[in-house]
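> return atomic coordinates for the entry below.
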Amino acid sequence: MAKRKRKTEHLDGTNVKNRNSRKSKTQLRDLPMDILSSIISRLQINEAIRTSILSRHWNHVWCHHTNLNFVWSTMMPRDSNLYSSPAVKRCKQRVFIKRVDDVLLQHSGAGVEHISIHFDLDGSHTADVNRWITFVIGSKAKALSLRLLYHAPEYLLEREVDDSIELYSFPFQLFDAGNGSHLKFLLLTSILVKVPADFEGFTKLKKLYLCDLRIADEDLQHLLSKCSLLEFLSVTYCKTIIGLRVSHPASHLEQLEVASCSSLREIELNNDLTILEYRGHPISFISNGNPCLTNIFIKLSQADTSIKHLFTELPGTLRPQNAPTSGFGGLERDISSIRHPQFVSLRSLILEMDIFAPPRTKPDVLDVAYLLQAAPFIERLEFHMFVRYGHKPYRREHANDIELRSLSLHPHPHLKAVRITGFFGHKDQLELAFYILANSPKLESMVIDPTVVILNPRDEALYLPDDCVFLDGYKIATEFLRDTDERHVVEVMSICPSTNILMSLRKRLLLSHRLKK
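From the prediction side, this is the model:
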């Protein structure tokens, strides 16, 4: 008996089989190549290459990948150990080089946006890296990241300059006025940089990151002068730089980030600079005019004379001969020159100080007031401290013998929000808080927090103060500041028992990062 045929018509009269067949005609492989390339480019390069086994059609789709990220995780087995022995390291380097070569040999070279190479290579691999740079130039890539050392930043901080190490030298000779105009982003790490006199520059470069470079001041200055459209500059762990000058007349630099440059002594600022971030030892900041800075973040290490050094060397505040000064704690301050506003565009200041010095030589916290006087339109101040030695809280009974100092009135009519952390109740900390309260008529919030939020996680066990230090800060802030505050703008953060102190520290650190944003 013949089987009854299954009904294939839908309620609307269309044939279900035919309609399904029409649906199946539109598949992922039928999408235009530019869309497929966009999809594939969201994958890591090793994952994108694996798509070639799907079908004959997919064999070459990955060859249009726009972001070529050649790093350990994408090019080497997960269980590989580069530093188990010198022989293993050389073997891994050969494997990495071959795999990068294989990928670039098959890649179309069209539409490449970003090429990143992150592996431990040196001057002995110059021919290989130059070959990859040639591909970057030919593909007209807009971004290049070249990191030739596979180490964490902590290693870069501790590593000494060793001239015997043969670093890879960046091939400026491969770039000319034409092919050098495609790069808009450049990151260089652990490389020797010598800029030839006839280098014509990266004429469209907007962002430049320089990390752990062996570079002379003259070469850095020459390089910056050939990047006329540069808007962002980061210089970190460059231990051979003594002076950094970003005041080129044609400069468009808006944001400068400098960190952990151990030999650096001064930075000459560009007047168009709006954002400055500095982390490291005390240095001099120099300017020929009034910078347009709107945001400053400074984190000072080795803080024994940090405030003195920083504030006597601010742009335009070098003391003229016979100028009147004020001496606090043995530190002289120029009063006459600071009266003239220097940072008229500054709206936000974040200052971090890790103070190692003993009481006799430690910086005077009250001197922060002079920076506020140099920024007449400042709206927000964050001051994070960690005084490691010489805990001596101010007591009510000290009032007869040790009078609290006060500076002359200098209104800050735009200051609305202040946050002070690491407040242990020391005399100069209390004096600064009183100064701000007395001179800020529009102040809406002053948060006083005894907790140290700038303590590195690895230092927690070694340097975390006793609970009594935090308790002193809380009691003194409550007694002298909150309880006498008639405007009710002072908030004193409570402290936690020692079992919860680390958790409290981390939570408040997160809060501080959010405030920075």
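> Ser301: what's it in contact with?
With contacts defined as CB atoms under 8 Å, 6 or more residues apart in numbering, Ser301 is in contact with Arg279, Gly280, His281, Asp354. Yep, even glycine has a C-beta here, placed from its N, CA and C like the rest.
> what are the boundaries of the helices in the stretch 351-500 of the chain?
In chain order, the stretch 351-500 of the chain shows helices spanning 368-373, 427-439, 460-463, 467-476, with DSSP state H, counting those that start in this stretch as the criterion.
> what about the last one, average pLDDT?
The reference is to helix 467-476. Helix 467-476 shows a mean pLDDT of 90 in the predicted model.
> re earlier: JSON lines please, covering the helices of the stretch 351-500 of the chain and showing distance to Gly138 and mean neighbour count.
Supplementary listing: the helices of the stretch 351-500 of the chain in JSON lines, determined by distance: least, CB to CB, whole Å; neighbours: other CB atoms under 10 Å:
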{"stretch": "helix 368-373", "distance to Gly138": "50", "mean neighbour count": "22"}
{"stretch": "helix 427-439", "distance to Gly138": "58", "mean neighbour count": "20"}
{"stretch": "helix 460-463", "distance to Gly138": "50", "mean neighbour count": "11"}
{"stretch": "helix 467-476", "distance to Gly138": "60", "mean neighbour count": "20"}
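> is Gly109 part of a helix or strand, or is it coil?
When classified by DSSP: H, G, I helix; E, B strand; the rest coil, Gly109 comes out as coil.
> ditto for Lys92
Of the three states, Lys92 takes helix under three-state DSSP.
> closest to Leu233 out of the contacts of Ser301?
Nearest to Leu233 among the contacts of Ser301: Arg279, at 14.6 Å, using CB to CB.
> the closest one pairs with what?
When assigned by DSSP bridges, Arg279 has beta-bridge partners Ala259, Lys299.
> count the neighbours of it for me.
Per other CB atoms under 10 Å, the neighbour tally for Arg279 reads 16.
> ok, it - contacts?
In this structure, Arg279 makes contact with Val258, Ala259, Ser260, Ile298, Lys299, Ser301, judged by CB under 8 Å, 6+ apart.
> swap in Met76?
Lys92, Val95, Phe96.
> so what's Gly425 up against?
Neighbouring residues of Gly425 by CB under 8 Å, 6+ apart: Pro393, Tyr394, Pro450, Asp472, Gly473, Lys475, Ile476, Ala477.
> hmm, back to that, make a markdown table out of the contacts of Ser301 and add distance to Glu266.
Rendered in a markdown table, the data for the contacts of Ser301 read as follows (distance: CB to CB, whole Å):
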| residue | distance to Glu266 |
| --- | --- |
| Arg279 | 16 |
| Gly280 | 12 |
| His281 | 12 |
| Asp354 | 21 |
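> buried only: go through the contacts of Arg279 for me.
For these, burial is judged from neighbour counts taken by 16 or more other CB atoms under 10 Å, and it is met by Val258, Ala259, Ser260, Ile298, Lys299.
> between the residues you listed, which is nearest Gly243?
When those are compared against Gly243 (criterion: CB to CB), the nearest one is Val258, at 11.7 Å.
> list the buried ones in stretch 101-114?
Of the residues in stretch 101-114, those with enough neighbours to count as buried (16+ other CB under 10 Å) are Val103, Leu104, His107, Gly111, Val112, Glu113, His114.
> among these, name the ones in strands.
In strands, judged by DSSP state E, the following of the buried residues of stretch 101-114 are found: His114.
> can I get the buried residues of stretch 101-114 in CSV with distance to Leu443 and pLDDT?
What follows is the buried residues of stretch 101-114, written out as CSV (distance: CB to CB, whole Å; pLDDT from 0 to 100):
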residue, distance to Leu443, pLDDT
Val103, 59, 83
Leu104, 59, 86
His107, 59, 74
Gly111, 54, 77
Val112, 53, 83
Glu113, 47, 86
His114, 46, 88
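> of the buried residues of stretch 101-114, just say which sits nearest to Thr134.
Here the nearest of the buried residues of stretch 101-114 to Thr134, counting by CB to CB, is Leu104; it sits at 9.6 Å.
> any idea which element the residue nearest to the closest one when sequence neighbours are not counted lies in?
By the measure of CB to CB, 6 or more residues apart in numbering, the closest residue to Leu104 outside its immediate chain neighbours is Phe135, 5.0 Å from it. Secondary structure here is read from DSSP states H and E; on that basis Phe135 sits in helix 126-139.
> mean confidence for that helix?
Mean pLDDT, helix 126-139: 94.
> got it, and stretch 217-236?
Here stretch 217-236 scores 94 as its mean pLDDT.
> what are the buried residues along that stretch?
Judged by neighbour count using 16+ other CB under 10 Å, the buried positions of stretch 217-236 are 219-228, 230-236.
> domains in this protein, by residue range?
According to automatic domain parsing, the chain comprises the domains 25-65, 67-268, 300-313+343-517.
> quick check: the residue nearest to Val365 when sequence neighbours are not counted vs Phe383, distance?
Nearest residue to Val365, sequence neighbours excluded (CB to CB, 6+ apart): Asp428, at 4.0 Å. Asp428 sits 12 Å away from Phe383, going by CB to CB, to the nearest Å.
> kindly check the end-to-end length of stretch 376-391 for me.
The straight-line separation of the ends of stretch 376-391 (CA to CA, to the nearest Å) is 33 Å.
> what are the pairing partners of the helix or strand where Phe285 lies, and which direction each?
Secondary structure here is read from DSSP H and E; on that basis Phe285 sits in strand 284-286. Using DSSP bridges, the strands paired with strand 284-286 in its sheet are strand 266-268 (parallel).
> for Phe383, what are its contacts?
For Phe383, the contacting residues are Leu351, Met353, Val368, Val418, Arg419, Ile420, Thr421, Leu432, by CB under 8 Å, 6+ apart.
> thought the last one was touching Val365?
Yes. Under the criterion of CB atoms under 8 Å, Leu432 makes contact with Val365 at 5.2 Å.
> re earlier: from memory the residue nearest to Val365 sits against Leu366, does it?
Yes. Using CB under 8 Å, Asp428 is in contact with Leu366, at 4.9 Å.
> among the contacts of Met76, which ones are buried?
Under a neighbour-count criterion of 16+ other CB under 10 Å, the subset of these counted as buried comprises Lys92, Phe96.
> picking up where we left off before, can I get the contacts of Arg279 in CSV including pLDDT and distance to Thr126?
CSV is the format used below for the contacts of Arg279 (pLDDT from 0 to 100; distance: CB to CB, whole Å):
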residue, pLDDT, distance to Thr126
Val258, 96, 29
Ala259, 94, 28
Ser260, 91, 27
Ile298, 88, 39
Lys299, 88, 37
Ser301, 76, 36
